[in-house]
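Participant: The following block contains a protein sequence and its predicted model.
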Amino acid sequence: MTTIDHRPLASTGVSTAFGTFGELLQGVLPEDDGDFLVTLPVARWSTAGFELTVGAPDVVVEPAHKKKALRLARMILADSGRPGGGVLRIESTLPEGKGLASSSADLVATARAVANALGEAMPPRRIERYLARIEPTDGVLYPEIVAFHHRSVRLRARLGSLPAMTVVGIDEGGAVDTVAFNAIPKPFTAADRRRYAQLLDRVTHAVARRDLAEAGRVATESARMNQVLRRKRSLEPMIRICEDIGGLGVVIGHSGTSLGILLDTTAPGNAARLAAAAQRCQELVGNVTVYQTLSFH
């Protein structure tokens, strides 16, 4: 007797994940597995579309250099026990190697898209388990600001949401490999680690109070402390510009090449501050990109 398989020969899943503008805070706490970061979600996304084809020999990815996403798609298919392969297509508005969580966004969008094609659930904890096998990861799988242990890929705490901010960003050039950066030994002292714990407490309370000024102060201090790991030649000039125009603080991609001035989007006079910041940043490094942070409800 012949058994007829009524499953469709092909199915498609699509999903997205937002990026970040660096981190509000990143460092090492005085505990085991103390490496952590605090996310700053922005309105830039990676979109993944996966076409699952029964009988296809393997998965291919477009563009071809998205090897980590390809590896992840293969892992999920293998775990599902479903025969076949397919085509994974990724589009992103996040530049790579700049500290904007482009790789993390690609991977989270991929995990969700493949799961959608399979008709399977892909909750955050399952995504974390996959990503821990691939690389240190940002916390972009959670729709809010989070404290996240990026090296072990696990959530520390959900912090909430801040009012909308504008980020006047610059790029010092080049690219940083996240895996290589996270392999660098951290030269932070015991006092530094205690300071990071204090900063985490401060930013946690700032988000709870929706206090943009305090969040900006924490971001600036974290940027300065990161200079021993990856020095940014434009940091102090950016801080001076921020102070001159009345900005909130300076945020950086701790493992990237980006720096940005934080502005309160709804504050009176923001348009003038934005124009002044953009002009002076252009004069400083020759490039400016403006981002908007995401607020969640």
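Facilitator: Arrived safely.

Participant: Going along the chain, name the helices of the stretch 51-200 of the chain.
Facilitator: Under the criterion DSSP state H, counting those that start in this stretch, the stretch 51-200 of the chain contains helices at 67-80, 102-118, 124-131, 178-182, 190-209.

Participant: and of the ones you listed, who's closest to Ile170?
Facilitator: helix 102-118 (17.0 Å; C-beta to C-beta). Any C-beta I mention is one placed from the backbone N, CA and C, and that applies to glycine too.

Participant: Show me what counts as buried in stretch 112-124.
Facilitator: Taking 16 or more other C-beta atoms under 10 Å as the basis for neighbour counts, the residues of stretch 112-124 that come out buried are Arg112, Ala113, Val114, Ala115, Asn116, Ala117, Leu118, Met122, Pro124.

Participant: Mean pLDDT per helix and strand in the protein: which one sits at the bottom?
Facilitator: The helix or strand with the lowest mean pLDDT-type score in the chain, counting by mean pLDDT, DSSP states H and E, is helix 178-182 (a mean of 73).

Participant: As PDB, could you dump the C-alpha coordinates of stretch 179-187?
Facilitator: The C-alpha atoms that make up stretch 179-187 are tabulated as PDB, following Å, rounded to 0.1, in the frame of the first residue of the first chain:
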ATOM      1  CA  VAL A 179      34.300  37.200  17.700                       C
ATOM      2  CA  ALA A 180      37.900  38.500  17.700                       C
ATOM      3  CA  PHE A 181      37.000  41.500  19.800                       C
ATOM      4  CA  ASN A 182      35.400  39.400  22.500                       C
ATOM      5  CA  ALA A 183      38.500  37.100  22.600                       C
ATOM      6  CA  ILE A 184      40.600  40.100  23.800                       C
ATOM      7  CA  PRO A 185      41.400  39.800  27.600                       C
ATOM      8  CA  LYS A 186      39.600  42.500  29.500                       C
ATOM      9  CA  PRO A 187      42.200  44.600  31.500                       C
END
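
Participant: Need the contact partners of it.
Facilitator: Residues lying outside stretch 179-187 but in contact with it, judged by C-beta atoms under 8 Å, 6 or more residues apart in numbering, are Val28, Asp35, Glu135, Pro136, His150, Arg151, Val228, Leu229, Arg230, Ser255.

Participant: rewinding a little: I'd like the buried residues of stretch 112-124 as CSV, with distance to Ala78 appended.
Facilitator: As requested, the buried residues of stretch 112-124 are arranged in CSV below (distance: C-beta to C-beta, whole Å):
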residue, distance to Ala78
Arg112, 17
Ala113, 16
Val114, 11
Ala115, 14
Asn116, 17
Ala117, 14
Leu118, 12
Met122, 15
Pro124, 21
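
Participant: Need the residues that contact stretch 22-31.
Facilitator: 34-40, 99-100, 138, 145, 150, 186, 188, 190, 192-197, 199-200, 203, 215, 218-219, 222, 225-226, 251-256, 258-260.

Participant: How far off centre is stretch 134-148?
Facilitator: Using C-alpha atoms, centre = their mean, to the nearest Å, the mean C-alpha position of stretch 134-148 is found 7 Å from that of the whole chain.

Participant: Stretch 109-125 now?
Facilitator: Its chain's C-alpha centre lies 19 Å from the corresponding centre of stretch 109-125 when counted by C-alpha atoms, centre = their mean.

Participant: now that stretch: mean pLDDT?
Facilitator: The average pLDDT within stretch 109-125 is 97.

Participant: May I have it as PDB, with CA atoms only?
Facilitator: Taking Å, rounded to 0.1, in the frame of the first residue of the first chain, the C-alpha atoms of stretch 109-125 are listed here in PDB:
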ATOM      1  CA  ALA A 109      15.700  37.300  11.800                       C
ATOM      2  CA  THR A 110      17.000  34.000  10.300                       C
ATOM      3  CA  ALA A 111      16.000  31.900  13.300                       C
ATOM      4  CA  ARG A 112      12.500  33.300  13.200                       C
ATOM      5  CA  ALA A 113      12.100  33.000   9.400                       C
ATOM      6  CA  VAL A 114      13.200  29.400   9.300                       C
ATOM      7  CA  ALA A 115      10.900  28.600  12.200                       C
ATOM      8  CA  ASN A 116       8.000  30.300  10.400                       C
ATOM      9  CA  ALA A 117       8.700  28.200   7.300                       C
ATOM     10  CA  LEU A 118       8.700  25.000   9.500                       C
ATOM     11  CA  GLY A 119       5.600  26.000  11.400                       C
ATOM     12  CA  GLU A 120       7.600  25.800  14.700                       C
ATOM     13  CA  ALA A 121       7.800  28.100  17.700                       C
ATOM     14  CA  MET A 122      11.100  30.000  18.100                       C
ATOM     15  CA  PRO A 123      10.900  31.700  21.600                       C
ATOM     16  CA  PRO A 124      13.900  33.800  22.800                       C
ATOM     17  CA  ARG A 125      15.400  31.000  24.900                       C
END
